[in-house]
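**Q** Kindly return the folded structure for what I paste below:
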Amino acid sequence: MCNRYANRGSIAEIKRLAALMDYDLAPTAATANYGGQADIFPDQDAPVLRPKGKGKLELAMLRWGFPPIPGQKAPITNIRNLKSKWWRDVNREWMTESKYRCLVPFTEFAEPVRESTWFKIKGHEIAFFAGVWRPWRGERLKEQPGKKRRAREEDDWELYAFFTTEANDIVRPVHEKAMPVILTEPDECKEWLSGGEESLRLQRPFDAEKMDARR
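**A** Numbering: from 1, shown residues only. A predicted model of the protein is given here:
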């Protein structure tokens, strides 16, 4: 699983990639001046691209992590086993409906969180994780004005998570169980955003020869 990544890409590059998918990009007030993030961890806000009307993508700041499974506290950051009852039955709407699909831009991702190896896609300032988002009301950590620590507070949230799959040859020596589902081709990004069961075929390992790793 991936619980740390970076997004140092520019708004201009995100707009360029959206245009290659035949979309116009519409930043929100929170992302209009987005300057990138060197470290993104679970339960933090980060940008995602999601459908916003015909021919448009919205670049919105959402909170990383779906609601936890009952009886657990940690948010669900990664989605893998779609045969499980939790995803097949309880949360199927978020998995397949096009309006809940999103692309999560990233520059690098890390495994593990501590003493990390960072993985990057060769020749790409930005690539995308295949993601989904959903609205939710409940308690999450929230900034407290004038204080360094965040406190749990009930509110209406927009949450995202991204899919993982089996690790490829470059990730496996560091994290043998899984890696994020990565999309770089405009046609695959468009297919993912279109939703539906068939697009879940994109839950597959990325080509290891197209990736670099660094400590």
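
**Q** so where do the strands sit in the chain?
**A** Ranges of strands in the chain, per DSSP state E, are 5-7, 24-27, 37-40, 45-51, 56-64, 78-79, 101-106, 108-111, 117-121, 127-142, 151-165, 179-180, 182-183, 211-214.

**Q** So for Pro70, which of those strands sits nearest?
**A** Closest to Pro70 of those is strand 127-142 (CB to CB; 11.8 Å). All C-beta spots, glycine's among them, are computed from the backbone N, C-alpha and C.

**Q** which parts of the closest one are buried?
**A** Buried residues in strand 127-142, defined by neighbour count with 16 or more other CB atoms under 10 Å: 127-134, 140.

**Q** Now for those residues: which two are most distant?
**A** Ala127 and Arg140 (27.3 Å).

**Q** related to what we said a few turns ago, would you format the strands of the chain as TSV with mean pLDDT included?
**A** Formatted as TSV, the strands of the chain follow (pLDDT from 0 to 100):
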stretch	mean pLDDT
strand 5-7	97
strand 24-27	94
strand 37-40	96
strand 45-51	97
strand 56-64	97
strand 78-79	95
strand 101-106	98
strand 108-111	96
strand 117-121	97
strand 127-142	94
strand 151-165	94
strand 179-180	98
strand 182-183	98
strand 211-214	96
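
**Q** Can I get the ones you listed in CSV including distance to Pro173?
**A** Below are the strands of the chain laid out as CSV (distance: least, CB to CB, whole Å):
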stretch, distance to Pro173
strand 5-7, 19
strand 24-27, 37
strand 37-40, 23
strand 45-51, 27
strand 56-64, 26
strand 78-79, 19
strand 101-106, 21
strand 108-111, 10
strand 117-121, 9
strand 127-142, 21
strand 151-165, 17
strand 179-180, 12
strand 182-183, 18
strand 211-214, 9
